[in-house]
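**Student:** Prediction below, plus the sequence it came from.
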Amino acid sequence: MTVYSPKGKNTGTAVVVFPGGGYEILAIDLEGTEVCDWLTSKGITCVLLKYRVPGKGHYAKLGPLSSSLMALEDAQRTVGLVRFHATEWKIDPHKIGVLGFSAGGHLSAAMSTRFEQRLYPPVDAADNASCRPDFAVALYPGHLWNDNFELNPGIPVTPQTPPTFLLQAENDPVDNVNNSLVYYAALKKAGFPWRCICMRRAAMLWAAAHDVSDYGMASAGGKVAWNDWDDFGVGAPGSHRANNVRASSNHLIASSAKARQSVWRLTSSSAAT
């Protein structure tokens with residue numbers, strides 16, 4: 001893992017970044033270093049994880065995580081290390097999140113639901129620190145659904161799953177938007193407060209275990225305001241524009257200014273007490 005210190009004012013927030021690559025390779029620049037450069041410019045510590053991949057032909061599309069456990073082991077270890085070194089690295093231990101793209105989005109979901117027990121024998125004191133992320137961002141995640149529109153059973157959503165931001169284009173040619181939809185449905189079924197933000201070029205789903213304002217999805221000092229929804233060009237929740245979920249972009253929507261604004265809101269505000 002590589003730690004990128006924040007530039008300028010330190011917000012105390014840290015984000016562990018999981019690049020995509022289908023559990024075959026890692027897109028370490030486009031979905032790694034470039035994201036870290038942006039987040040550190042906002043005062044956020046980034047930890048870029050070069051997790052192990054099983055290689056070609058070993059996917060986690062269906063069933064448990066048996067073919068990508070090594071990646072999840074690396075992710076658990078990394079979040080625990082970040083929390084263990086929080087004081088040394090000037091990080092708030094209650095403001096440590098994960099952000100992943102594609103297969104890395106699947107890993108973000110796995111970390112959000114598989115944090116209670118390490119998958120490996122303890123190595124040192126860092127493995128006594130919680131590896132539960134305080135928030136998660138999954139950008140065009142893959143490997144979360146099957147043809148029966150069912151959630152991957154290796155992603156057991158519970159009320160303890162952290163606040164999660166989902167972004168995916170409806171016409172994504174690589175990872176079907178159903179990945180986000182089935183995960184969103186599971187979050188909603190678990191009793192999460194939720195918001196669906198619809199942009200002209202992508203469908204953005206927001207689900208939170210706590211008040212969304214805890215992690216910055218709001219104007220300063222309050223809950224999500226009506227004009228916040230208008231900022232995204234979608235109208236208020238329940239409006240015709242907000243209900244008309246349509247998307248027309250591909251993977252590159254993750255780099256749009258408004259998507260970046262959403263992730264910034266999620267990562268930048270104070271954590272829940």
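**Tutor:** Structure's in. What do you need?
**Student:** partners of residue 168 in the sheet?
**Tutor:** Beta-bridge pairing of residue 168 under DSSP bridges involves residue 203.
**Student:** count of residues packed around it?
**Tutor:** By the measure other Cβ atoms under 10 Å, the count of residues near residue 168 is 31. Every C-beta, even on glycine, is put in place using the N, C-alpha and C of the backbone.
**Student:** Now the phi/psi pair for the nearest residue to residue 96 once chain neighbours are set aside, please.
**Tutor:** Of all residues not flanking residue 96 in the chain, residue 14 sits nearest, at 4.8 Å (Cβ to Cβ, 6 or more residues apart in numbering). Backbone torsions of residue 14, given as degrees, to the nearest 10, read phi -130, psi 140.
**Student:** so residue 14 sits right up against residue 97, yeah?
**Tutor:** Yes. When contacts are counted by Cβ atoms under 8 Å, residue 14 is listed as touching residue 97 (7.3 Å).
**Student:** of those two, who's got more company?
**Tutor:** residue 14 (31 against 28).
**Student:** Now do the end-to-end distance for stretch 94-108.
**Tutor:** Terminal residues of stretch 94-108 lie 17 Å apart, using Cα to Cα, to the nearest Å.
**Student:** what pLDDT, on average, does it get?
**Tutor:** The average pLDDT within stretch 94-108 is 95.
**Student:** again, but for stretch 16-33
**Tutor:** 92.
**Student:** First-to-last residue distance for it?
**Tutor:** By Cα to Cα, the extent of stretch 16-33 from end to end equals 12 Å.
**Student:** Pull out the buried positions in stretch 129-149.
**Tutor:** Going by neighbour count (16 or more other Cβ atoms under 10 Å), the buried part of stretch 129-149 is 129, 131-145.
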